[in-house]
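# Need the 3D shape of this:
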Amino acid sequence: MGHYNGIYNAEEMIIGYILLIIAAAQILIGCTLIFRYQKKQATVYYGLFAIGIAIYVTGNGFGFTRLIETNLAESIAWVGGVLATTFFLVFSFTFPISKKQIADLLPLILWPVIVFIPNLFFTEAIIGKSLTEPFGEGYQTDTGPLFWLLLSFIGIYWIWGIGNLIKAYRQSDGFYRRFLKILSIGVTGTLIVTLAFDVVLPLFIKSQFGYVGSLFSSVWVIVTSYLMLKK
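Here you go, the predicted structure:
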């Protein structure tokens, strides 16, 4: 608003490429957690969670750089959100001590993947495909009939996961207690910021701030992943 198109487009491109660089770093961290600590269930799930956040950030990065069309970029971002939400909850059941078997966790993983991801890519059941404006010029979410189911899933899984971490915090000490405190504060703050800028605003107005949630989530995921790797 108020910028010449050429200048504003350059700003969008810079934001987009910064997001893509951050996403690449998160994928590297996620893969390190998965493959370096293969025998530790919690770090594998945290690595998958980090990759989910990376996919979310990638979608926003593609949107701002305009490397792909806006509708596909938004779908990729939402898919990353689904994966990150799913694996965060699963992680919360396994850190610092696993409280569930893999067989118990599979239903929590499979149903969101089966229900939401195909619909995000191939139908308008969750997100409408009428978007025409690039991210930086303002986009507004065109909701489908399953959109509110998606939001309910996100809300329930995150609240459930944070609740599990708070319980673990009360039962832990030393490094794990400090780590869980950082993680709980970080995830709560980031969730509030991301919901405000990436979910709520685009429901009511044409938002130009789709990168804010990506930056907030990236900072604490990278910090907490580093702490976990150091341990």
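# in this protein, which helix has the most residues?
When the chain is scanned for its longest helix (criterion: DSSP state H), the result is helix 5-36.
# what about Phe147, how many residues close to it?
A count of neighbours around Phe147, defined by other Cβ atoms under 10 Å, yields 19. Where you see a C-beta, it was placed from the backbone N, CA and C, and this is true even at glycine.
# Let me see the backbone angles for the nearest residue to it once chain neighbours are set aside.
Spatial nearest neighbour of Phe147, excluding adjacent residues (Cβ to Cβ, 6 or more residues apart in numbering): Ile126 at 5.2 Å. Recorded main-chain torsions at Ile126 are phi -110, psi -50, according to degrees, to the nearest 10.
# so what pLDDT did Ile126 get?
What the model reports as pLDDT for Ile126 is 89.
# got the contact list for it?
Ile126 is in contact with 78, 116, 119-120, 143-144, 146-147, 150, counting by Cβ atoms under 8 Å, 6 or more residues apart in numbering.
# Check the offset of the longest helix of the chain from the chain's centre.
Computed by Cα atoms, centre = their mean, to the nearest Å, the chain-centroid distance of helix 5-36 equals 13 Å.
# cool, stretch 165-176 as well?
On the basis of Cα atoms, centre = their mean, stretch 165-176 sits 24 Å off its chain's mean C-alpha point.
# Could you do stretch 186-202 as well?
Going by Cα atoms, centre = their mean, where stretch 186-202 is centred and where its chain is centred differ by 10 Å.
# now stretch 173-181
That offset, for stretch 173-181, works out to 23 Å (Cα atoms, centre = their mean).
# Now do the buried residues in it.
Of the residues in stretch 173-181, those buried by neighbour count under the rule 16 or more other Cβ atoms under 10 Å are 176, 179-180.
# Switch those residues over to TSV; also include secondary structure.
What follows is these, written out as TSV (DSSP: H, G, I helix; E, B strand; the rest coil):
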residue	secondary structure
Tyr176	helix
Phe179	helix
Leu180	helix
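# Out of those residues, the closest to Gly155 would be?
Gly155 lies nearest to Leu180 out of the buried residues of stretch 173-181, by Cβ to Cβ, at 21.3 Å.
# still on that earlier bit, quick one: the residue nearest to Phe147 from Gly52, how far?
Applying Cβ to Cβ, to the nearest Å, one obtains 17 Å for the distance of Ile126 from Gly52.
# Identify, from the buried residues of stretch 173-181, the entry nearest to Leu33.
Taking Cβ to Cβ as the measure, Leu33 sits nearest to Phe179 out of the buried residues of stretch 173-181, at 13.8 Å.
# Can you verify my assumption that that closest one contacts Tyr226?
No. No contact is recorded between Phe179 and Tyr226 when judged using Cβ atoms under 8 Å, the distance being 11.1 Å.
# what's near enough to touch Gly128?
So Gly128 contacts 142-144 (Cβ under 8 Å, 6+ apart).
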